[in-house]
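[1] 3D, please:
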Amino acid sequence: MSIKLENCVLCEATGSLVRVPSTTFITTSSKMRNGDKKVGDVVKDHIETSKSELKTEQEKLKGIEYKQ
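    The predicted model follows:
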């Protein structure tokens, strides 16, 4: 971001490059993506889902013997 290019290396034009500021999309809506759940509830649901997936994977890997 600190480099200021003014000359194009492809077409060798001088003074042709101008920095265009980008816009940022910020939403301040009170609506949540997961319905009307509170953020803490969404996090708790994710943690519980992750725990159950981890337990399932651990059970799958329990009987596997690894060889080097």
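[2] drop to CA atoms for contacts and neighbour counts, all remaining ones
    Noted.
[3] isn't residue 16 right up against residue 10?
    No: taking contacts as C-alpha atoms under 8 Å, residue 16 lies outside contact range of residue 10: 11.5 Å.
[4] which one of those two has more residues nearby?
    Taking other C-alpha atoms under 10 Å, residue 16 and residue 10 do not tie; residue 16 has more neighbours (11 against 6).
[5] let's verify the more buried one: helix, strand, or coil?
    When classified by DSSP: H, G, I helix; E, B strand; the rest coil, residue 16 comes out as coil.
[6] gap between it and residue 22?
    19 Å (C-alpha to C-alpha, to the nearest Å).
[7] got it, and residue 58?
    46 Å.
[8] can you check residue 5 too?
    17 Å.
[9] more neighbours: the two, which one.
    residue 5 (13 against 6).
[10] that one - nearest residue in space that isn't next to it in sequence?
    Closest residue in space to residue 5, ignoring its immediate chain neighbours: residue 17 at 6.5 Å, by C-alpha to C-alpha, 6 or more residues apart in numbering.
[11] check residue 15 too.
    residue 6 (4.8 Å).
[12] burial of that neighbour, as a residue count?
    Neighbours of residue 6 (other C-alpha under 10 Å): 13.
[13] can I get the CA coordinates of stretch 53-68 in CSV?
    The C-alpha trace of stretch 53-68 is given here as CSV (Å, rounded to 0.1, in the frame of the first residue of the first chain):
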residue,chain,number,x,y,z
GLU,A,53,-18.1,-34.4,15.0
LEU,A,54,-14.8,-34.7,16.9
LYS,A,55,-16.2,-37.6,18.9
THR,A,56,-17.4,-39.4,15.8
GLU,A,57,-14.0,-39.0,14.1
GLN,A,58,-12.2,-40.3,17.2
GLU,A,59,-14.4,-43.4,17.2
LYS,A,60,-13.6,-44.0,13.5
LEU,A,61,-9.9,-43.6,14.2
LYS,A,62,-9.8,-45.7,17.3
GLY,A,63,-9.4,-49.1,15.6
ILE,A,64,-6.9,-48.0,12.9
GLU,A,65,-3.4,-49.1,13.3
TYR,A,66,-0.8,-46.8,11.7
LYS,A,67,2.4,-48.1,10.3
GLN,A,68,5.6,-46.1,9.5
